[in-house]
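Novice: Here is the input, now give the coordinates:
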Amino acid sequence: MTTSPRTRVIAIVGPTASGKTAISVELAEHFQGEIISADSRQVYKGLDVGTEKITPEEMRGVPHHLLSVAGPVETFSAADFKRLADVAIAQITARGHVPFVVGGTGFYIQALLDGLVMPEVPPNVKLRTELQEKSPAELYELLKGKDPDRAATIEAKNPRRLIRALEITEAFGKVPPLRSFPPYDVLYIGIETPDDVLRERITVRLESQIGRGLLEEVTNLLSTVPRERINEFGYEYRLTAEHLEGKLTLEELREKMVYELWHYAKRQRTWFRKDTRIHWFKREEEKNISDLIEGFLK
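Specialist: Numbers count the residues shown, from 1 in each chain. As a prediction, this is how the structure comes out:
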């Protein structure tokens, strides 16, 4: 008895500001691909400038999926991402196109491409109430002690995600084993960027974001979204909100943002480096990447 070949998927991963977006569009154009964004913040409507969400012009006609699919006050989990991305992959392949999964949210990518069976854990109101009294730093240290692997992939100053991760470990009495059933045949490509170049890109990108309306975007969110929710959207939103509240000068905002995003990018890179399936290339090695993809798709 023969089995059907698994759907082939191209994954392009790497830290923030590494150049994944631009190269993925070029590759998808060349290989008749469609892109699924694996970014835990770009799924939200209204988070455009701060997340560097790709614009219609930058898409250059390449279809993109899982952008702006949830309201900013909605909860959107890795399980939600996996469910919608599985549907998108089926639709893309039905059109005879190649699915490209592109992003830096490692847990989303792992949930989808490794076929993780996500634990179903209902909210624990008592535990949440206790944990809400703790600072993000205290929550992060608790998680590191219980589940160091999950701590390595999580934003250390996002209390909602930290509390949810601790809630899951509490429900199982230990770190829950995530069973995986990889549903796809995946080629993993990582975009490698030298430290000095990556930090410079983060700095330049921040200036571009400020010029394109980051402060206005956060001002609009503050008028419709609870303040504590803004903190959960990441450094670009939390620190910008603090600037708008008069807690940081514009120069302090720039300094803290570059510092936090640089360290976040390093954590992302460390996490991806643990996956030996990833083939690493510099941004300018697009010809080598194309050759690898061509061989994979044959």
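Novice: Run through the stretch 151-298 of the chain and note the low-pLDDT ranges.
Specialist: For the stretch 151-298 of the chain, the stretches with pLDDT under 70 are 153, 173-179.
Novice: Which stretches in it count as strands?
Specialist: With DSSP state E, counting those that start in this stretch applied, the stretch 151-298 of the chain shows strands at 185-192, 278-282, listed in chain order.
Novice: Return the first one as PDB; C-alpha atoms alone will do.
Specialist: As requested, the backbone C-alpha atoms of strand 185-192 are provided in PDB (Å, rounded to 0.1, in the frame of the first residue of the first chain):
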ATOM      1  CA  ASP A 185       7.400  18.000   4.000                       C
ATOM      2  CA  VAL A 186       9.200  21.200   5.000                       C
ATOM      3  CA  LEU A 187      12.400  23.000   3.700                       C
ATOM      4  CA  TYR A 188      13.600  25.300   6.400                       C
ATOM      5  CA  ILE A 189      15.600  28.400   5.400                       C
ATOM      6  CA  GLY A 190      17.100  30.800   7.900                       C
ATOM      7  CA  ILE A 191      18.200  34.300   7.100                       C
ATOM      8  CA  GLU A 192      21.500  35.000   8.800                       C
END
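Novice: Parallel or antiparallel, which strands does that strand pair with?
Specialist: According to DSSP bridges, strand 185-192 has the following sheet partners: strand 8-13 (parallel), strand 278-282 (parallel).
Novice: so which of those strands gets nearest residue 171?
Specialist: strand 8-13 (29.4 Å; Cβ to Cβ). The C-beta positions use only the backbone N, C-alpha and C, and glycine is treated the same way.
Novice: buried ones in that closest one?
Specialist: Buried residues in strand 8-13, counting neighbours by 16 or more other Cβ atoms under 10 Å, are found at 9, 10, 11, 12, 13.
Novice: Over to stretch 70-84?
Specialist: Within stretch 70-84, the residues that count as buried by 16+ other Cβ under 10 Å are 70, 72, 76, 78, 80, 81, 82, 84.
Novice: measure that stretch end to end?
Specialist: Distance across stretch 70-84, first residue to last, is 12 Å (Cα to Cα, to the nearest Å).
Novice: Repeat that for stretch 112-125.
Specialist: 29 Å.
Novice: hmm, back to that, biggest separation within the buried residues of stretch 70-84, which pair?
Specialist: Using Cβ to Cβ, the pair of these lying farthest apart is 72 and 82, separated by 20.9 Å.
Novice: just the helices in this protein please.
Specialist: Assignment of helices within the chain using DSSP state H yields the ranges 20-30, 56-59, 78-94, 106-113, 125-131, 136-146, 148-151, 159-172, 195-211, 214-222, 227-231, 235-244, 250-273, 286-297.
Novice: related to what we said a few turns ago, and the strands of the stretch 151-298 of the chain as a markdown table, adding distance to residue 60 and mean neighbour count?
Specialist: As requested, the strands of the stretch 151-298 of the chain are exported to a markdown table (distance: least, Cβ to Cβ, whole Å; neighbours: other Cβ atoms under 10 Å):
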| stretch | distance to residue 60 | mean neighbour count |
| --- | --- | --- |
| strand 185-192 | 18 | 20 |
| strand 278-282 | 21 | 16 |
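Novice: any chance of those strands in TSV, plus distance to residue 170?
Specialist: Conversion of the strands of the stretch 151-298 of the chain to TSV gives the following (distance: least, Cβ to Cβ, whole Å):
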stretch	distance to residue 170
strand 185-192	32
strand 278-282	32
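Novice: Next, count neighbours for residue 93.
Specialist: Neighbourhood size, residue 93 [other Cβ atoms under 10 Å]: 16.
Novice: Revised request: answer the last question for residue 251.
Specialist: Neighbour tally, residue 251, other Cβ under 10 Å: 9.
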